[in-house]
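Participant: Curious how this folds, go ahead:
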Amino acid sequence: MTRTRAGSPAAHGGDGETRGRPGRKLSQALLDLVDQAVVVCDASGVVRWCNGPTGVYFPGLRTGKTPDPAVAGPLGQAVVSSAARFDAEFLGRRLTGRSSTVGDCSVWLVRDETEVRRCEVELRAERSRTAFLSEAGRRLGASLHHGRTARGVVELTVPALADAALLVLPPRAGHADWYRCTAPGTAESGALPASSLERVPHLRRALSGLWPWSAACPPGEFAALGGAPPDPGKGGGESLVTVLPGSGAPAGALVLFRSAEAGGWNAEDAAVVGDFAFRAGMALSTAALYAQQAHTAAVLQAGLDPATLPDVPGMRLGAAYRPAPEELGFGGDFYQVEPARDGGGGVEFVLGDVCGKGVEAAVLTGHVRQGLRTLALVESRPLRVLDVLNQSLLEADSGRFASLVIGTARPGSGGGLDVVLAGGGHPPPLVLRRGGVVEAVDVGGMLVGALPGPEFGQAGVHLMPEELILLYSDGVTEARGGPDGAEEYGAERLAHDLEVCAGMPAGAVAERVEMRVADWLAGRAHDDIAVLVLQASPGSSGTAGALW
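Facilitator: Numbering: from 1, shown residues only. Reported below is the predicted structural model:
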C-alpha cells in the first residue's frame, strides 16, 4: 500500500477538479494549512475530497472510494456505521473526529489529541516561563539597593530554575561577596577570599568576562569556596555557571544547582536562564552604579553640610537649610559661623549663594568656602577678602559667580552686638528691632567672580539685647507659590512675617521663616534655601569691640 503524499492530486480529489480554477486552488492551499484533517464524503460514503493533513493521519485513504476501516481506521468505521463522532487510537495517534452535514455531503474534521495535548503543555510551559521572567523583571527593578537586589536574584531562582543557587559578585578589596538560597524565600550572604576563586576555573572565567556562555560544572568543584556553596544534598546532581552581564563588565556569576532526581537543563531551560541572567545582570549593574553615586553624593554632602553653630557668650544663633529637592541633597547655598579668631569674642560669619544647582554648584560652593577659610587666616578686612575671592574665581575660569554677605558680630556697648557686613550682590539682610520694626540693611556690592575690579559694599548695625539680624538667600524671596502657584514670596512678605517674631529666640525665628516659605511653596519645586539669624542675648553685657 502506497502512502498518498499530503497535498497530492489523489488526496485532493483529482487534478481535473482544480485545473483552471484559481479560486479552488486557493481554497485548497488554505485548507492544507489547517492543522486538522478535513474529509468530505458524499451521501453514499464515498470520499470526494480531503486536505493535506488527511494523508498524514490516514495514509491509505483514497478519493473516489468508501473509507475502508482497515486503512482508514476509526474514520472508516464511523463512515460505514453512519456514526457522527469517534475517539480512538490509530497508528500511534489519539484521533478524535466529528461530522457535520453540508448539503448532501458529510464533512469530517479529525485532529490528533496527542499533538493537541503536547501543544497545550508547551503553551502552559511558555506561559509559565513568561510569567517567571515578568515577575523577575518586576522584583529586580523594584529596588536600587545592591544587597537587596542580589538577594532577590538568588531567591527568584529557587525553585523556579534550580534546587539551590549561589551568586558570587566580582572581587573587590581582596574579597568577593556571595549570596546563597537553598529554600524558597530565604537567602544568606557572606564573603570569601578572592584568591579562592582561582581554584574554581568556571567562576574565574565567568567573573573575568572571558566566558560569556553558560557552562555545566561538577558540583564538587565548588568545594574550594568553603562554606559559600549550598549543602551538597541541595544540588548533588548538576550545576550550571552563568555570567550575569553588566555595563561593560560582569555584574556577577550565578551558579544553579539541581539534584540528580531533577535532571539537567534542556534547551528551553537554558534559554530561560539566559534571559533571567540578562535581567539580573542589568539590575545588579544599575544598583551598583546607584550605590556608587549615592556614596559619592554622601561624601560630597558631608563636606558641604553646614557645621554645627557654635555656642558663643552674649548671643544666640539660628539657621535653616533646605536644598532644592531634585539635586541629591546638596546645592549652591551655604552658611558658616565660627568664633572670632582674634580672641575678642563674637563670631565671624558668611552666607552665600553660588549660581547654578546640583553638583556643579556644590563644587563651586566648596571652592568658595575653602577660599574664605584660607583668607581668614591672613586677612581680616572684609572688603579685601571679597576682592581676593573675586580674583580667585575669575582665575578658575569656571564662568560661575556667587553672591555673598560676610561679616563679624562682636559684643558692643549697652550689652548688644556690633555687626559689620560686607556684601557682593546679595539680598539685603533684615534687622528686627525689639518693637517689631523691621529694617533692611542696604549692603550693596557687585557679584563675586563676575567681573574684574568690582565694587563691594559695607555696612554696620548695632543690635540691642533681643534684637536680631536675618541673612537669607534668594531661594526665600523667589520661592514661587501662593494661590496660583506662580507668585513670589517676596521681600515685603518676608519682612511682614518677621515682624511677628519679635521676642522669639534666633533658632525659632530661623525655623519659622523656613516653615512659612515651605507653606508658601506647598510642595512645589524650589531653589536652595538658606537662613542665618544672629541675635543679641537678653540681658547680655559687654564692652564695645573693634569692628572687623
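
Participant: tell me what the host helix or strand of residue 403 is packed against?
Facilitator: Counting by DSSP states H and E, the element that carries residue 403 is strand 402-411. Judged by 3 or more C-beta pairs under 8 Å, 6 or more residues apart in numbering; DSSP states H and E, strand 402-411 is in contact with strand 347-354, helix 358-376, helix 382-396, strand 417-424. The way it works is simple: take the backbone N, C-alpha and C, and place the C-beta from them, glycine included.

Participant: Just the CA trace of that strand, in CSV.
Facilitator: This file holds the C-alpha atoms of strand 402-411, laid out as CSV (Å, rounded to 0.1, in the frame of the first residue of the first chain):
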residue,chain,number,x,y,z
ALA,A,402,28.4,84.0,43.8
SER,A,403,26.6,86.4,45.9
LEU,A,404,27.9,86.8,49.5
VAL,A,405,27.4,88.5,52.8
ILE,A,406,30.3,88.2,55.2
GLY,A,407,30.9,89.9,58.5
THR,A,408,31.5,89.9,62.2
ALA,A,409,29.3,90.2,65.2
ARG,A,410,31.1,91.3,68.4
PRO,A,411,30.0,92.4,71.9
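
Participant: That one to strand 417-424, inter-axis angle?
Facilitator: Strand 402-411 and strand 417-424 are oriented at 170 degrees to each other (axes from the mean of the first three to the mean of the last three C-alpha atoms, to 10 degrees).

Participant: got the contact list for the spatially most central residue of the chain?
Facilitator: When C-alpha atoms, centre = their mean is applied to the chain, the residue found nearest the centroid is residue 144 (5.3 Å). Residues counted as contacts of residue 144 (C-beta atoms under 8 Å, 6 or more residues apart in numbering) are 286, 287, 290, 291.

Participant: ok, now residue 349?
Facilitator: The neighbours of residue 349, taking C-beta under 8 Å, 6+ apart as the test, are 335, 336, 337, 338, 406, 407, 408, 409, 471, 532, 534.

Participant: can you pull the buried residues of the helix or strand containing residue 293?
Facilitator: Residue 293 belongs to helix 267-304 when elements are defined using DSSP H and E. The neighbour-count criterion (16 or more other C-beta atoms under 10 Å) identifies 269, 272-273, 275-277, 279-288, 297, 300, 304 as the buried residues of helix 267-304.

Participant: can you check stretch 58-76 too?
Facilitator: Applying a neighbour-count criterion of 16+ other C-beta under 10 Å, one finds 58-63, 66-68, 72-76 buried in stretch 58-76.

Participant: That stretch: end-to-end distance?
Facilitator: With C-alpha to C-alpha, to the nearest Å as the measure, stretch 58-76 spans 10 Å from end to end.

Participant: try stretch 41-53
Facilitator: Its start and end residues considered, stretch 41-53 measures 16 Å (C-alpha to C-alpha).

Participant: thinking again about what came up before, so can I have TSV of the helices and strands packed on strand 402-411 showing distance to residue 88?
Facilitator: What follows is those, written out as TSV (distance: least, C-beta to C-beta, whole Å):
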stretch	distance to residue 88
strand 347-354	87
helix 358-376	76
helix 382-396	91
strand 417-424	99
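
Participant: Please name whichever of these is nearest to residue 167.
Facilitator: When the helices and strands packed on strand 402-411 are ranked by proximity to residue 167, the top entry is helix 358-376, at 32.6 Å, counting by C-beta to C-beta.

Participant: Which strands or helices does the closest one pack on?
Facilitator: Helix 358-376 makes packing contacts with helix 267-304, strand 333-339, strand 347-354, helix 382-396, strand 402-411 when contacts are defined by 3+ C-beta pairs under 8 Å, 6+ apart.

Participant: Make a markdown table from these and add distance to residue 155 to it.
Facilitator: Shown next, in a markdown table, are these (distance: least, C-beta to C-beta, whole Å):
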| stretch | distance to residue 155 |
| --- | --- |
| helix 267-304 | 11 |
| strand 333-339 | 44 |
| strand 347-354 | 46 |
| helix 382-396 | 51 |
| strand 402-411 | 50 |
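
Participant: weakest of those in terms of mean pLDDT?
Facilitator: The weakest mean pLDDT among those belongs to helix 267-304, with a mean of 85.

Participant: what about that one, distance to the chain center?
Facilitator: 9 Å (C-alpha atoms, centre = their mean, to the nearest Å).

Participant: who does it touch, helix- and strand-wise?
Facilitator: Using 3+ C-beta pairs under 8 Å, 6+ apart as the contact criterion, the secondary-structure elements in contact with helix 267-304 are helix 113-140, helix 146-157, strand 238-244, strand 252-258, helix 358-376.

Participant: Show me what the helix or strand that that helix is followed by pairs with in its sheet, parallel or antiparallel.
Facilitator: Scanning forward in sequence from helix 267-304, with DSSP H and E defining helices and strands, the next element found is strand 315-322. Looking at strand 315-322 with DSSP bridges, its partner strands are strand 529-536 (antiparallel).

Participant: The strand it pairs with: how far from the chain's middle?
Facilitator: When C-alpha coordinates are averaged (C-alpha atoms, centre = their mean), strand 529-536 and its chain have centres 38 Å apart.

Participant: how big is the angle separating it from strand 333-339?
Facilitator: Taking the same axes, to 10 degrees, strand 529-536 and strand 333-339 form an angle of 30 degrees between their directions.

Participant: Name the residues of strand 529-536 that are buried.
Facilitator: When burial is assessed from 16+ other C-beta under 10 Å, strand 529-536 yields the following buried residues: 529, 530, 531, 532, 533, 534, 535, 536.

Participant: swap in stretch 87-95?
Facilitator: By neighbour count, with 16+ other C-beta under 10 Å as the criterion, the buried positions of stretch 87-95 are 90, 93, 95.

Participant: Going by distance to residue 177, which of these wins?
Facilitator: When the buried residues of stretch 87-95 are compared for distance to residue 177, the smallest value, 54.8 Å, is given by residue 93; criterion: C-beta to C-beta.

Participant: thinking the closest one is in contact with residue 116, fair?
Facilitator: No - using C-beta atoms under 8 Å, residue 93 and residue 116 do not qualify as a contacting pair, with a distance of 10.6 Å.

Participant: mind listing the strands for the stretch 1-150 of the chain?
Facilitator: 37-41, 47-50, 85-90, 93-102, 105-112 (DSSP state E, counting those that start in this stretch).
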